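> Here is a sequence together with a model predicted from it:
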Amino acid sequence: MSRRFVISLLAIALCQSAIGSSQTPGAGSARGQSGPSKPVTFTETIAPIVYANCVTCHRPNEAAPFSLISYEDVAKRGALIAKVTGARYMPPWHAEPGYGEFVGERRLTDAQIAAFAEWVKQGLPRGDASKMPQLPAFPADGWRLGQPDLVLEMPAGFDVAASGPDVFRNFVIPTKLSEDKWVRGIEFRPSARKVVHHAIFAQVPGGSRAALDGADGRPGFGGLSAVGVTTDQPDSGGLGGWAVGAQPMMYPAAMVTRLPKGSDFLLQLHFHPTGKAETERSQIGIYFADKPSTASVFSVELPALFGFGSGIDIPAGEKQFTIKDSFTLPGDVRVYMANAHAHYLATQMNAVATFPDGSTKRLLFIRDWDFNWQDSYIYKTPLALPKGTRIDVTLNYDNSASNPRNPISPPRRALFGEQSFDEMGTVSFMFELVSKDDAPFFQQALGERTKVAIQAAGKNGTLGRFLARQQRQRSGRQQLTVYDRTGSIVSKVGDPASFFQPTMSPDGSRVAVIKNDIETDRQDVWVFDVATGKGKAITSDLDSDSAPVWSPDGKELAYVSVRDNTHGIYRRAADGTGVEEMLYRHPTGAQIVLTDWSADGRYLCFWINDAMFVLPVTGERKIIALNQDEFFGRGGRLSPDSRLLAYNSNSRQGLRFQVYVRPFDPSTGAQGEGPAQKVSAENGNGMGVSWRRDGKELFYLTQGPAPSVVMAVDVTASSPFTASAPRPLFTLPHPVPNPAQLSQISSANGDRFVFAVNLPQRQQATAK
């Protein structure tokens, strides 16, 4: 339920009771007050406060849910206004006094708050009409900062469904500029305000996103592609952003940003469905500066990347979950602006600077974080922070039922993620270097922070979850396709859809695959009959499923499912009948990738981050680690006699994954004695391993920007293990994404192979 809807309901309840009683003469003295109070009227006292602090938003066609222009407007909600101003809930301004002085602070004085309460007590008197102040003048076209120098609009409206997960969508808008310009302010105007949670602005070279724009038949393109555009192309850059509750403002002169000639404006919108279908077509007003800035401007996020590597994993019921981060300045700076961002569960954010002499300065404190009011805070006077100053940021979260802003009831585990019901958090600062000579030191320090955050996210599973979702969003539609050993197409199975992780049944007659609903991002296990192309959903619920593997007799499927943000392994009959059984539930929020069910039926093999495990299917079901000597591996598959383990690793070849085989002990479920042997080509790479049923051949895929090649290796599974030189069988039309997450891509005798093949872009828009 949205905050504005809650306010409206509260207004009805309060107005029915409080306003009714306040209309009774003498209501104030009935509470035991002695003597008459000084008269408080709308025209002389209340209207000036409302016009100065409220009507910017509370007027027709603006963000607030009701208008506060006339006496009738305000009197109807008098009790509610007294309540929310008394609690300092309105006007919305969450930076605490004493923690920095900011431009445009929206705070009422104690006397103004008391005036609202007294006005209600006195029966809401109107006052002398001749003393009514003039309504502030607002631009007729609605632009708060005045007429923009350039007005951009989304080329077409984008439809947002009534329900489903959050949607991130990028829209390309040509600027058609004939010369470079310098941006000093941006005013963002969404048309469907209730569904637009935030926007990020960037500029990219004209036409550079043409291949992506509209490729799936809808305006724009999916994913978080607008974030980090400065890293994937030269002459690109960020231009700021907007979030719910933010007010438009001009940037300090040092922060003006270049908008190059002929560039495209890249608008990324985060949509949060509200229960009603909406169509969004945003407008962007851009204000130009007369000249460029000569300042060297940087920004730092604490924690880095919105908390990407901070291990945000908040158990249900946890009231005091905390993340912290620090950054020591390698040079003198002037800080111009602070920003804060998190989702529903955050409660407090605190940023403090500790100077080299040990003294401290408060930078920003948000005592009561509110997801629905996210502002930028520009310091009235830039803060001078000397070299060696340490900035410390602490963020607190409450995932209990007692948190009134918790959107999930009962609470569930919360992990880092971009969805509104996931969590993240950061406080960022934008600053100018006093000496431009310090720029290399800041670049190195900030780059190292990003690197460390990504490495930490890789270890705790955040990176894997993020990349998997991004891959699904960008993958478009695929055709399940069966090839023979020469690369000739044997059959196309079913209709195109968003598919990933296909696996062939032991007898080769069926394909299990994850089917992703592009609109809702729901992931379910489906089984298709190869001969007829008919498919059936084996799972059909709101939980995200992945990584299906067949039992050796083809009667069951095991798969991974995420319940309450926790990964577990489940199994059920391959025809969808019967009851699902949970085999294992992982104790952390890390991503599980299931890759094998041993031919003897005894073990399931899976990996988490870069460690592999087996799970006994029967008995105690206690997982057994396969990296006891700490080898780095994933994508494990057991040989038909379960005495060998084939897997992928890049521990010995830098960033290039290779295929290795090492002993496995089927009696204990642990790794066997003996070294690993590399199977993939000396100068190549390899992932996505599959055994032939007789144990005499291994298959794997090359991986890289070029299309994947299916490779075959003749092997002897008996001791000692030997492998011939790899040889190519055929080339696929496109690279295979995430091959280490694949299970059995080949038929039992190695004469058929199944892949989810991307449709050409020209077919994406028409595929159903």
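Ah, there it is. Model, not experiment: these values are computed from the prediction.
> where does this protein dip in pLDDT?
1-37, 63, 139-141, 223-235, 245, 469-476, 518-521, 628-631, 651-655, 761-768 (pLDDT under 70).
> report the longest strand in it, please.
Counting residues, the longest strand found in the chain (DSSP state E) is strand 489-504.
> List the buried residues in that one.
Within strand 489-504, the residues scored as buried using 16 or more other Cβ atoms under 10 Å are 493-494, 496-504. C-betas here are computed from N, CA, C, even on glycine.
> Distance from that strand to the middle of the chain?
Distance of strand 489-504 from its chain centroid, counting by Cα atoms, centre = their mean, to the nearest Å, is 29 Å.
> Partner strands of that strand, with direction?
Strand pairing for strand 489-504, using DSSP bridges, gives strand 478-483 (antiparallel), strand 510-516 (antiparallel).
> any chance of those strands in JSON lines, with distance to residue 419 too?
As requested, those are arranged in JSON lines below (distance: least, Cβ to Cβ, whole Å):
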{"stretch": "strand 478-483", "distance to residue 419": "24"}
{"stretch": "strand 510-516", "distance to residue 419": "15"}
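> Okay, domains of this protein per the record?
Residue ranges for the domains of the chain, per automatic domain parsing: 3-131, 150-288, 297-459, 475-764.
> I figured residue 201 hits residue 239, correct?
Yes: assessed by Cβ atoms under 8 Å, residue 201 is found in contact with residue 239 at 3.9 Å.
> Find residues that contact each of those two.
Common neighbours of residue 201 and residue 239, counting by Cβ atoms under 8 Å, 6 or more residues apart in numbering, are 186, 265.
> how about the nearest residue to residue 38, chain neighbours excluded?
residue 118 (7.9 Å; Cβ to Cβ, 6 or more residues apart in numbering).
> My error: substitute residue 481 in the last question.
residue 757 (4.7 Å).
> Any chance of the backbone angles for the one you found?
phi -100, psi 130 (degrees, to the nearest 10).
> Next up, the contacts around residue 554.
Residue 554 sits in contact with 505-507, 510, 574, where contact means Cβ under 8 Å, 6+ apart.
> can you do 6 Å?
Counting by Cβ atoms under 6 Å, 6 or more residues apart in numbering, residue 554 makes contact with 505-507.
> Residue 262 now?
Residue 262 is in contact with residue 206, counting by Cβ under 6 Å, 6+ apart.
> tell me the secondary structure for it?
Secondary structure for residue 262, judged by DSSP: H, G, I helix; E, B strand; the rest coil, is coil.
> Equivalent analysis for the one 5 residues further on, please.
Secondary structure state of residue 267, per three-state DSSP, is strand.
> that older thread, which element is the residue nearest to residue 38 on?
Element membership for residue 118 (DSSP states H and E) is helix 110-121.
> winner for burial among the strands paired with strand 489-504?
Mean neighbour count (mean count of other Cβ atoms under 10 Å) peaks for strand 510-516 among these, with a mean of 24.
> Distance-wise, check the residue minimising distance to the centre of the chain relative to residue 483.
Centroid check for the chain by Cα atoms, centre = their mean gives residue 418 as the closest residue, at 1.5 Å. Separation of residue 418 from residue 483 (Cβ to Cβ, to the nearest Å): 36 Å.
> Then residue 185?
As for residue 185, its distance to residue 483 is 56 Å (criterion: Cβ to Cβ).
> about what we covered before: if the residue nearest to residue 481 is in a bridge, with which residues?
Applying DSSP bridges, one finds that residue 757 bridges with residue 479.
> residues contacting it?
478-479, 481.
> one more time with 10 Å, if that's ok
Residues in contact with residue 757 (Cβ atoms under 10 Å, 6 or more residues apart in numbering) are 478-481, 483, 489, 492, 496, 499, 502, 732-734, 736.
> Closest one of those to residue 656?
Nearest to residue 656, judged by Cβ to Cβ, of the contacts of residue 757 is residue 736 at 16.0 Å.
> Name the nearest residue to that closest one, ignoring sequence neighbours.
Nearest to residue 736 is residue 708, by Cβ to Cβ, 6+ apart, at 4.5 Å.
> Who are the contact partners of the one you found?
Counting by Cβ under 10 Å, 6+ apart, residue 708 has contacts 687-688, 700-702, 730-737, 739, 755.
> Which of those residues ranks first by neighbour count?
If you count neighbours using other Cβ atoms under 10 Å, the busiest of the contacts of residue 708 is residue 700, which has 32 neighbours.
> list the contacts for that residue?
Counting by Cβ under 10 Å, 6+ apart, residue 700 has contacts 635, 637, 646, 648, 657-659, 679-681, 684-690, 708-713, 726, 739, 742, 745.
> Then residue 338?
Counting by Cβ under 10 Å, 6+ apart, residue 338 touches 95, 99-100, 102, 349, 351, 363-364, 366, 375-379, 383, 427-431.
> Out of those residues, list just those in strands.
Those of the contacts of residue 338 lying in strands (DSSP E): 349, 351, 363-364, 366, 376-379, 383, 427-431.
> List the contacts of residue 101.
Contact analysis of residue 101 by Cβ under 10 Å, 6+ apart lists 95, 377, 379-381.
> Could you report the distance from it to residue 364?
Distance from residue 101 to residue 364, by Cβ to Cβ: 11 Å.
> residues bridging contact with the two, i.e. touching both?
95, 377, 379.
> of all those residues, which comes closest to residue 219?
Using Cβ to Cβ, the shared contacts of residue 101 and residue 364 come closest to residue 219 at residue 377, 33.4 Å.
> circling back to that earlier point, phi first, then psi, for the residue nearest to residue 736.
Reported as degrees, to the nearest 10, the phi and psi values for residue 708 are phi -70, psi 150.
> Tally up the residues packed near residue 443, please.
If we define neighbours as other Cβ under 10 Å, then residue 443 has 12 of them.
> Sorry, wrong one. I was asking about residue 123.
Residue 123, neighbours per other Cβ under 10 Å, totals 17.
> Residue 508 touches residue 745, doesn't it?
No: counting by Cβ atoms under 10 Å, residue 508 sits too far from residue 745 to count as a contact (11.7 Å).
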